[in-house]
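In: mind looking at a prediction? Sequence and model below.
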Amino acid sequence: MSGSRSLRKANRRGVPAFAVAAAIALVAVVSASAAGAGGTRAQTPNARADEPPLPPSAVAAATRAARSIVHGKKLGGSVDFLGVVTGGPADALLAALKPFESAAGVDVKYEATFSQQSILQTRIQAGNPPDVVFSAYPRQLVNLAKAGKLVPLSNVVNLRAVRKQYPKPLLDLGSVRGKLYAYFSIVNYHALMWFNSAKYTGPRSPTWAQLQAWTKRSAQQGKPPWCLGIESGAATGWPAANELLDALFIRRYGPKLAAQWEAGKLKWTSPQVRWAWRQVGAIFTDPKMVAGGAPAVASTNFLAAGNGMFSSPPSCYLLSQAQWYGSYAAAAVHGASASNVGYFRFPTVTPAFKNLQMVDGNQVALLKNGAQARALVAYMATPEFATLLAASGQFFVPNAAVSTSTYPTPAARGLVQRLVKSKSAKSSTILLPSVLFPVPVTNQFFKNLSSYLQEPGKLDTLLKDMDAVVKRSR
């Protein structure tokens, strides 16, 4: 197997790679994209730790699945596979592909690049697309499918099994005119409310109104309730955008209005979008509500945002962040441990949307209709492949056929039980709005939201600017 191993970093604190599954690479991916490809997207991290060996029984099962796909034949040849996952997670991805290589006799040539969106477009225009892509850009894949550049998967994957095992809303995001062209293989779950269970005394299953009431009481007692840090290099602002503003909008207005917002049909100056901005501003521009006020929010790196929950005494009590934070905090934050890192789902605003949960992730799509590439895409859709990804401790997978016990940590198993295995997961899992905006819009969203937290009086100007960016990006 050949593959890119760029941007590895030693993990001197012993933080498990699973713990930072959307953290350190998020900085690397969005920073490189913003600087080089003009894009900002969240991905799995570069931090590398000692990886747990994959269970032999799971490897054997994956080998059998791969052998069944190729009907016991050695296809030979290779697959040109373009992705964005690097470092330790890339090692885990490549390890999960080894049973396929062994069974099919195919060399998977994996290339990872943070400029994937622009490189893919350039290669397609030059008539030299990769065979398979592991994409973080669902809008680009939909456009490519409409342009006839992707191969429909109806005769490639076991469509009946895929529809049974994967959340329908995620499959819909890879479908055009009723045909499936891409499916999510890994996901990151967003907007969970994290707290120190030994110090936090507030509600643990509140509505937004109930949580606001508690935070106001805490602020009046001289205890800033909220933690936030938005510093992230060229991607500064994403924690407030992805984990707060997106979440508030989705919880109040639901997926239909979110789709209008994402498509540019709902203006940023609309009352609905303005409401979400004002909710975020009312909290994070008030030094009584967030430790250090707006200046501290701007200067605090997102990885350090929750440290105050575990200090003595605490300097803040609640952090909205994606699923990676629980394992990360337990391993890397002083005073935090697996026993005192707690969470609850983002509070309900409108009852009808209380079960909605936001994700982003990577989709698998087929660009060349060769036997080797078809077999690889079919293999990556199987629960056996997904089981290897989960067992590595590097990824969350949306395949409901993967056993919860596969995940190596109690925190991961608990999150999977709630986010993947719950009865509502198949119908209530939707993509993060920021991922579906055109790239220039997402970039400006992060920048303008960061500016708003420092100068809330400029809200009207910043929202009008967002509408102008949307107009230019069409």
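Out: Sure, I can see it.
In: quick one: Lys421 and Pro398 touch, right?
Out: No - counting by C-beta atoms under 8 Å, Pro398 is not a contact partner of Lys421; they are 10.8 Å apart. The way it works is simple: take the backbone N, C-alpha and C, and place the C-beta from them, glycine included.
In: these two: who's more crowded?
Out: Neighbour comparison, Lys421 and Pro398: the larger count goes to Pro398, with 25 against 14 (by other C-beta atoms under 10 Å).
In: give me the secondary structure label for that one.
Out: Under the three-state scheme (DSSP: H, G, I helix; E, B strand; the rest coil), Pro398 adopts coil.
In: which residue ranges make up each domain of this structure?
Out: Segmentation of the chain into domains, based on automatic domain parsing, reads 2-189+358-433, 192-356+435-473.
In: export those domains as TSV, with columns for mean pLDDT.
Out: Supplementary listing: the domains of the chain in TSV, determined by pLDDT from 0 to 100:
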stretch	mean pLDDT
domain 2-189+358-433	82
domain 192-356+435-473	95
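In: isn't there a helix covering Ala219?
Out: Yes - under three-state DSSP, Ala219 sits within a helix.
In: does it really touch Lys288, like I thought?
Out: Yes - using C-beta under 8 Å, Ala219 is in contact with Lys288, at 4.2 Å.
In: just the residues contacting stretch 92-103, thanks.
Out: 1, 3, 17, 51, 54, 59, 62-63, 65-67, 69-70, 83, 85, 106-108, 110, 134, 375-376, 379-380, 384-385, 388-389, 392-395 (C-beta atoms under 8 Å, 6 or more residues apart in numbering).
In: cutoff 7 Å now
Out: For stretch 92-103, the surrounding residues in contact (C-beta atoms under 7 Å, 6 or more residues apart in numbering) are 1, 3, 51, 54, 59, 62-63, 66-67, 70, 85, 106-108, 110, 376, 379, 385, 388-389, 392, 394-395.
In: next: stretch 429-440.
Out: So stretch 429-440 is contacted by 38-41, 138-139, 167, 169-170, 173, 190, 241-242, 246, 249-250, 255, 258, 261-262, 356-360, 442, 445, 469, 473 (C-beta under 7 Å, 6+ apart).
In: from these, which would you call buried?
Out: 39-41, 138-139, 167, 169-170, 173, 190, 241-242, 246, 249-250, 255, 258, 261-262, 356-360, 442, 445, 469 (16 or more other C-beta atoms under 10 Å).
In: just checking, which of the residues you listed belong to helices?
Out: Among the buried ones among the contacts of stretch 429-440, the residues falling in helices (DSSP state H) are 138-139, 169-170, 246, 249-250, 255, 258, 261-262, 442, 445, 469.
In: can you redo the residues you listed as a markdown table with distance to Val156?
Out: Listed next are those as a markdown table, based on distance: C-beta to C-beta, whole Å:
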| residue | distance to Val156 |
| --- | --- |
| Pro138 | 18 |
| Arg139 | 22 |
| Pro169 | 21 |
| Leu170 | 17 |
| Asp246 | 32 |
| Phe249 | 35 |
| Ile250 | 32 |
| Pro255 | 28 |
| Ala258 | 30 |
| Trp261 | 33 |
| Glu262 | 28 |
| Thr442 | 30 |
| Phe445 | 35 |
| Val469 | 37 |
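In: out of those residues, which comes closest to Thr404?
Out: Leu170 (18.8 Å; C-beta to C-beta).
In: distance of the closest one relative to Gln357?
Out: Separation of Leu170 from Gln357 (C-beta to C-beta, to the nearest Å) stands at 11 Å.
In: separation between the closest residue to Val176 other than its chain neighbours and Tyr181?
Out: Among residues not flanking Val176 along the chain, Ala145 sits closest, at 4.4 Å (C-beta to C-beta, 6 or more residues apart in numbering). Distance of Ala145 to Tyr181, given as C-beta to C-beta: 4 Å.
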